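Participant: Take a look and give me a structure for this.
(one chain, ligands or ions: 1)
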Amino acid sequence: MKFFIDTANPGEIRKAYEMGVIDGVTTNPTLISKENRGFDSLIKEICEIIQDLPISLEVLGLKSEEMIREARNLSEIGENIVVKIPMTSEGLKAVKVLIPEGIKTNTTLVFSPTQALLAAKAGSTYVSPFIGRLDDISQTGMEVVEQIVTIFNNYGFESEVIVSSIRHPIHVLEAALIGADVATLPFKVIEQLVKHPLTDIGIERFLADWEKVPKK
Ligand code: E4P
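Facilitator: Next comes the predicted model:
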């Protein structure tokens, strides 16, 4: 299972990357805007930290022609750039053009298994169901992921499922049990995954007991 980090904060990306658990980065316009700085210099810094792993950057155009133009420009930044395209009919048209050009795509804002099926049929490299936002409206997001994984396995689609809009470690556990290809995690969730109170207590006890050992 791959873990991407869902942030545009270079400090968080660096810390997670140094932990050795990160296989890529996903951003979106909201995450970029939180950084309060110029897009170009921000992306340059992120690309310096993550040189050889996929980094998803999102287009803003709503028409396929605009999406294609933006995607071509973004892909100039580096070979590891993956272009996030919204799940609309214009987005599907854009994916269909970009994939044969060798531009990787991440179809985003996916909320149903049938949307995911369409994105896979268009050939999208990744498909991103947003589970937390479904949970927020009282629909179990993880059921959608389960159905998407079944459909992709049924037909051998190569698109990878990125479980997105993750809110807590249970989402990560459930995504792993389902067998989703990727989970994209906010930095806070990575920290929560690391922590266990019994680990902290265990370290404390070992250190205290070691104090009692004569050193010679
Ligand atoms: C995924 O690529 C998105 O950036 C992200 O997971 C959205 O999460 P949110 O619902 O917490 O904004």
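
Participant: Give me the neighbour count for the closest residue to K34 other than its chain neighbours.
Facilitator: What sits nearest to K34 in space, not counting adjacent residues and going by CB to CB, 6 or more residues apart in numbering, is A8, at 7.0 Å. From N, CA and C alone the C-beta is placed, and that goes for glycine too. Per other CB atoms under 10 Å, the neighbour tally for A8 reads 26.

Participant: for the one 5 residues further on, same thing?
Facilitator: The local packing of I13 (other CB under 10 Å) involves 21 other residues.

Participant: Could you show which parts of this structure are in contact with the ligand?
Facilitator: Residues of the chain found near the ligand (CB under 6 Å from any ligand atom) are D6, T26, N28, T108, S128, F130, G132, R133, S164, S165, T184.

Participant: OK, contacts around the residue nearest in space to the middle of the chain?
Facilitator: By CA atoms, centre = their mean, the chain has its centre lying nearest to T184, at 3.1 Å. By CB atoms under 8 Å, 6 or more residues apart in numbering, T184 lies in contact with F3, F4, I5, D6, G24, T26, S128, I162, V163, S164, I166.

Participant: in a helix, that's where it is, yeah?
Facilitator: No - counting by DSSP: H, G, I helix; E, B strand; the rest coil, T184 falls outside a helix, being strand.

Participant: Could you check the pLDDT of it?
Facilitator: Looking at T184, its pLDDT reads 98.

Participant: Then K15?
Facilitator: Reported pLDDT for K15: 97.

Participant: measure it to the ligand for me?
Facilitator: 18 Å (CB to the nearest ligand atom, to the nearest Å).

Participant: helix/strand/coil for that residue?
Facilitator: K15 is classified as helix under three-state DSSP.

Participant: tell me, how many neighbours does the spatially closest residue to it that is not a sequence neighbour end up with?
Facilitator: With CB to CB, 6+ apart as the criterion, K15 has its nearest non-adjacent residue at 7.2 Å, and that residue is F187. The number of residues packed near F187 is 16, by other CB under 10 Å.
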